[in-house]
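In: this one's sequence-less:
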């Protein structure tokens, strides 16, 4: 510091410098210090001379190893803000009771198990005790406290508020609280109540007396009944009651909430909702994942300000015409219902941007749909469409169209007349040929044509210069034209698995590919430039009659960051086991695995002339890859004679908690490859996809660690955020995505598209391989 006079120093900041102690002699030289910050260090004790910092007002010793304070701490009479989070305090320091000016105290993530009465701390306004080991916080008496956080403790009883007249925010999520008692009314100025992730079963009607309450977060509890008194809270803005066990909603509740903006009743057991005669200012309504057979009746001018409606995963058979005539709705989600038609009452000046009606029984669309000038996302997957309705061609702002899993036989020529389209999903239809007009989709980035009847790779693809992802798996392709493939200069992910390709053009190796799936074809050799691609991070060659020596020679030249898989079929005895760019032994119970080559830098090179060590392929007639297969699984791929020990657990309905017409939801115990091979639905898989495997390349798309579609900074060309600002910006609100095909918006255009696409492919881009191939990504 040279000749700097330390006695004039008033701010000292030493974050993350490996500090193990504070010399007492130094403290005597900085006695005028007002601000001390030494977070993320290794402090175990504070010196006794610490009390000589009599002017200290702010102290931040976050993330150290402190377990007690010195006696001299009592002398810090000017102290106002203290942060001792992430330390090792087991008892609450009594020193704070002698600090008359203390206003904010943060003791987050210590190991404190009890706290005395806070009344002696006369000016305390903010108190954070989250992440400790409190079991009891039964009495609270403080006339100045405004913010109290008791989250992630072990509290079982709701605190008994004897005197908390100024408390505005009470947060206690992640505890074991079982009820909200009548003493809640002793917080007359409370504005935010957050009790998510508890075990609350009962809410006292006294909650309706909190006239200042604006936000209620009671998600992830065991609540069965909502008190009607909630309708008496005049300033209520947000009501989050999702993920509970609510079966009935009092009609007075919907009639009385006149100023509420957000209502979330998702993931409950509601069969019927009362008519909505109030809530004129609600902007976001979420009634998804219930058991509703009909949408609630709407009074005139009800939901007039509604912008986001989530009603997916119910049993609704019709959409009220009042909704489609709304001039405020931006997002409608009726996925996974029982709709047979949509109303023909769409307003010509509607501002609707997203319409998701996948997994219904629609066989046509109303002509008035063309009146939606701002519609950007249209999800029609898993319906009964035999043709794309002509009204789609007249949507001037359409960007994403999902018609996967329908009964389409032809793609209309006018599809190329939608210049704004950047995502087109046609998977799992009966399309035999793609029109030449596709060349007009100059902004198309994601094209899915998996599981159709295509025999020819279209020449029109050469004009798709913006295309980043192309899925042509599970078709009948026999040839890749080199001149067409070579012009797709933006292509990053290409899936050509499950076709009849015998060779791959060398022009493919000149593309900026990050993932290439050539599995389940008839390919014997690869062009030398493909494994050497520096951008390629995933190369799948499973189930091909590849020449072993040639592949090994190429694989040894692969970039170290690439995942390479070449798992042989039992019908090809020349490839007796898994081989990788650098060989590593894979457990026999895992028939298909990816190995990060950078972790195997010390492994020996593969000898191109030597056979790899014998490994069980773990495949038998049933396709099961589990252990316990008797004495089968020999080196030569012989069929095992033992029985498979992996049995699929049957899902059973929980009849004790469901009525006669309620569907039980069973959970599969563990993962079993047999369930996939035999056509059973795996956990988390839609019933309509039972028996179909998710392609490895699509699994990788969903991985947040892979980043296959990462772009250089500054390439985002827009923002498609949507929905209510209060809902998105409120730091208490947790986004819960539905099981939709298109995913939610957010972020830049490229980023949101890739997230939408990953959701779409997980929903509609699974294709059948000749064997069950489930990739296991190494962390």
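Out: Cool, the structure landed. Computed from a predicted model, the values in this text were never measured in an experiment.

In: so where's this structure uncertain?
Out: The chain contains residues with pLDDT under 70 at 1-5, 119, 138, 162, 548-779.

In: swap the cut-off to 80 and go again
Out: Residue ranges of the chain with pLDDT under 80: 1-8, 116-120, 122, 138-142, 161-163, 256, 278, 300-301, 531, 547-779.

In: what about the helices in it?
Out: Assigned by DSSP state H, the helices in the chain fall at 24-29, 251-256, 321-324, 482-485, 548-555, 673-677, 696-702, 725-729, 749-764.

In: Could you tell me which residues within the fourth one count as buried?
Out: Read it as helix 482-485. 484-485 (16 or more other Cβ atoms under 10 Å). Where you see a C-beta, it was placed from the backbone N, CA and C, and this is true even at glycine.

In: Repeat that for the second one.
Out: Neighbour counts using 16+ other Cβ under 10 Å place 252-256 of helix 251-256 among the buried residues.

In: ok, now the third one?
Out: Neighbour-count burial for helix 321-324 flags 322-324 (criterion: 16+ other Cβ under 10 Å).

In: now, which of the residues you listed sits nearest residue 508?
Out: Nearest to residue 508 among the buried residues of helix 321-324: residue 324, at 46.5 Å, using Cβ to Cβ.

In: Residue 348 is in contact with the closest one, correct?
Out: No: applying Cβ atoms under 8 Å, one finds residue 324 not in contact with residue 348, separated by 11.7 Å.

In: Next, the contact list for residue 391, please.
Out: 365-370 (Cβ atoms under 8 Å, 6 or more residues apart in numbering).

In: any idea how far it is from residue 41?
Out: 65 Å (Cβ to Cβ, to the nearest Å).

In: Return the set of buried residues in stretch 342-355.
Out: 342, 345-347, 350, 352-355.

In: next one: stretch 152-167
Out: Those would be 152-153, 155, 158-159, 161, 164, 166-167, for stretch 152-167 by 16+ other Cβ under 10 Å.

In: which stretches of the stretch 301-450 of the chain form strands?
Out: 308-310, 331-333, 354-356, 377-379, 400-402, 423-425, 446-448 (DSSP state E, counting those that start in this stretch).

In: Oops, could you answer that again for the stretch 51-200 of the chain instead?
Out: Going by DSSP E, counting those that start in this stretch, the stretch 51-200 of the chain shows strands at 58-60, 81-83, 104-106, 126-128, 139-141, 147-149, 160-163, 169-171, 179-180, 192-194.

In: how about CSV for those, with distance to residue 502 added?
Out: Converted to CSV, the strands of the stretch 51-200 of the chain look like this (distance: least, Cβ to Cβ, whole Å):
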stretch, distance to residue 502
strand 58-60, 67
strand 81-83, 67
strand 104-106, 67
strand 126-128, 66
strand 139-141, 76
strand 147-149, 65
strand 160-163, 76
strand 169-171, 63
strand 179-180, 69
strand 192-194, 61
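
In: Of the contacts of residue 391, just the buried ones, PyMOL syntax please.
Out: This is the PyMOL syntax for the buried subset of those, where burial follows 16+ other Cβ under 10 Å:
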select buried, resi 365+366+368+369+370
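
In: Go through the contacts of residue 391 and say which is closest to residue 383.
Out: Proximity to residue 383 was ranked across the contacts of residue 391 by Cβ to Cβ; first place goes to residue 365, at 9.7 Å.

In: who touches the closest one in this structure?
Out: 342, 380, 389, 391-392.

In: Contact partners for residue 243?
Out: 219-221, 266-268.

In: could you flag which of those are buried?
Out: The buried subset of the contacts of residue 243 - by 16+ other Cβ under 10 Å - is 219-221, 266-268.

In: hang on, the earlier thing: looking at the strands of the stretch 51-200 of the chain, which is closest to residue 529?
Out: Using Cβ to Cβ, the strands of the stretch 51-200 of the chain put strand 58-60 closest to residue 529, at 55.6 Å.

In: what are the pairing partners of the closest one, and which direction each?
Out: Strand 58-60 has its sheet partners listed here by DSSP bridges as strand 35-37 (parallel), strand 81-83 (parallel).

In: Which of those sits closest to residue 475?
Out: Once these are compared by Cβ to Cβ, strand 81-83 is nearest, at 60.4 Å.

In: I figured residue 364 hits residue 385, correct?
Out: Yes: taking contacts as Cβ under 8 Å, residue 364 lies within contact range of residue 385: 7.5 Å.

In: Between those two, which is the more surrounded one?
Out: Higher neighbour count among residue 364 and residue 385: residue 385, with 19 against 15, using other Cβ atoms under 10 Å.

In: Distance of the nearest residue to the more buried one once chain neighbours are set aside relative to residue 451?
Out: Leaving aside its chain neighbours, residue 385 sits nearest to residue 406 (4.3 Å; criterion: Cβ to Cβ, 6 or more residues apart in numbering). When distance is defined by Cβ to Cβ, residue 406 is 12 Å away from residue 451.

In: Now do the shared contacts for those two.
Out: Common neighbours of residue 406 and residue 451 (Cβ under 8 Å, 6+ apart) are 428-429.

In: Who are the contact partners of the closest residue in space to residue 298 that isn't next to it in sequence?
Out: Counting by Cβ to Cβ, 6+ apart, residue 298 lies nearest to residue 322, which is 4.7 Å off, once chain neighbours are set aside. With contact taken as Cβ under 8 Å, 6+ apart, residue 322 is in contact with 298, 302-303.
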